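**Student:** Sequence plus the predicted model coming up.
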Amino acid sequence: MKMAFYAGATGLVAHQHALNTIGNNIANVNTNGYQKQNVSFEHLLYSEMYANSEQNPLNGSGVKATDIGVQAGANPLKSTDYPLDFAIVGDGFFAVQNGNQIQYTRDGAFAVSLEGGEQGYLSTQAGLPVLGVNGQRIPVNKKADGSYDDQAILSSLAIYNFDYSGALNPVSGNAYLPTEKSGAAEIDHNSKVISRCLEVSGTSIVDEMSNMIAAQRAYQLSARVVQVADEVEQTVNNLRK
């Protein structure tokens, strides 16, 4: 029964991890450019049961949740008619500077950050600099009528992609860092950017609620396995007395 106890305990940990991921997806249902996160599961090591059988049956040791994967790709767009809103048509990412890190996002809801009260530069809503094709900050200028020159910004924006963007590491709601599995960032020549639009979140409330119900039931079943294994151990111990 010890194996059953361990199998149930690993199930509790794995499905709690899944519930946390689902909750994070739901929390970002209104986050622009959010890429839905998924959790997959793997069997733990098997061992021989030493049963009198020619089939060599194996006994599993439980389950574990593997690394969170990003369901990368294009989400639906919405029109905003605001000149500092940009959306990517394709699978690429914008690059932003956060301290010593270059992070990648599909959130194109940008703003203007002033340097010395004179020249404005394109930034995220959090004030992080958006990087252009040469890795430098993108200046924001106004046209004669006082509106922002979004076409000039379009020509300066850089779009990046990865060999396997599903392996990117989430560092915030909609910002990601490359990993060894994702590969390094490279200029994306297949995607394009359009202005006055934003990409909405990739989270579907209907899908996530369905996933949550399934994960909760799996968690409850794992808890029941632990409970039954404990009850059986108590019964065996009482028989030995």
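**Tutor:** Here it is on my side, so go on. Because the structure is a prediction, the values reported are computed rather than measured. Numbers count the residues shown, from 1 in each chain.
**Student:** The closest residue to residue 128 other than its chain neighbours: how many residues sit nearby?
**Tutor:** Nearest non-adjacent residue to residue 128, counting by CB to CB, 6 or more residues apart in numbering: residue 96, 4.6 Å away. No exception for glycine: its C-beta is placed from N, CA and C like everyone else's. Neighbourhood size, residue 96 [other CB atoms under 10 Å]: 21.
**Student:** In contact with residue 96, which residues?
**Tutor:** 102-105, 124, 128-131, 175 (CB atoms under 8 Å, 6 or more residues apart in numbering).
**Student:** Provide a list of residues in contact with residue 64.
**Tutor:** Taking CB under 8 Å, 6+ apart as the test, what residue 64 contacts is 10, 13-14, 41-42, 44.
**Student:** 7 Å instead, please
**Tutor:** Applying CB atoms under 7 Å, 6 or more residues apart in numbering, we find residue 64 in contact with 10, 14, 41-42, 44.
**Student:** Show me where the protein has its helices.
**Tutor:** Per DSSP state H, the chain carries helices over the ranges 2-27, 150-156, 205-240.
**Student:** Tabulate the CA atom coordinates of the shortest one in CSV.
**Tutor:** Once non-C-alpha atoms are left out, helix 150-156 reads as follows in CSV (Å, rounded to 0.1, in the frame of the first residue of the first chain):
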residue,chain,number,x,y,z
ASP,A,150,2.3,55.6,-36.1
GLN,A,151,3.5,54.8,-39.6
ALA,A,152,7.1,55.9,-38.6
ILE,A,153,6.8,53.7,-35.5
LEU,A,154,5.7,50.8,-37.7
SER,A,155,8.8,51.0,-39.8
SER,A,156,11.0,50.9,-36.7
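**Student:** How about it, which residues are buried there?
**Tutor:** 150, 153, 156 (16 or more other CB atoms under 10 Å).
**Student:** Flag the helix or strand of the chain with the lowest per-element mean pLDDT.
**Tutor:** Lowest on mean pLDDT, DSSP states H and E among the helices and strands of the chain sits strand 46-48, with a mean of 56.
**Student:** give me the low-pLDDT residue ranges for this protein?
**Tutor:** 1, 44-61, 67, 116-117, 240-241 (pLDDT under 70).
**Student:** partners of residue 187 in the sheet?
**Tutor:** Going by DSSP bridges, residue 187 is paired in beta bridges with residue 160.
**Student:** and if you look at residue 199?
**Tutor:** The partner residues for residue 199, given DSSP bridges, come to residue 77.
**Student:** just checking, it touches residue 75?
**Tutor:** Yes. Counting by CB atoms under 7 Å, residue 75 is a contact partner of residue 199 at 5.0 Å.
**Student:** just to revisit the earlier point, in JSON lines, list the helices of the chain along with distance to residue 191.
**Tutor:** Shown next, in JSON lines, are the helices of the chain (distance: least, CB to CB, whole Å):
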{"stretch": "helix 2-27", "distance to residue 191": "24"}
{"stretch": "helix 150-156", "distance to residue 191": "13"}
{"stretch": "helix 205-240", "distance to residue 191": "25"}
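**Student:** deepest of those, which one?
**Tutor:** helix 2-27 (a mean of 18; mean count of other CB atoms under 10 Å).
**Student:** Compute the inter-axis angle for that one and helix 205-240.
**Tutor:** 160 degrees (axes from the mean of the first three to the mean of the last three CA atoms, to 10 degrees).
**Student:** Which neighbouring elements make contact with helix 2-27?
**Tutor:** Under the contact definition 3 or more CB pairs under 7 Å, 6 or more residues apart in numbering; DSSP states H and E, helix 2-27 sits against strand 37-38, strand 63-65, helix 205-240.
**Student:** Cheers, nothing more for now.
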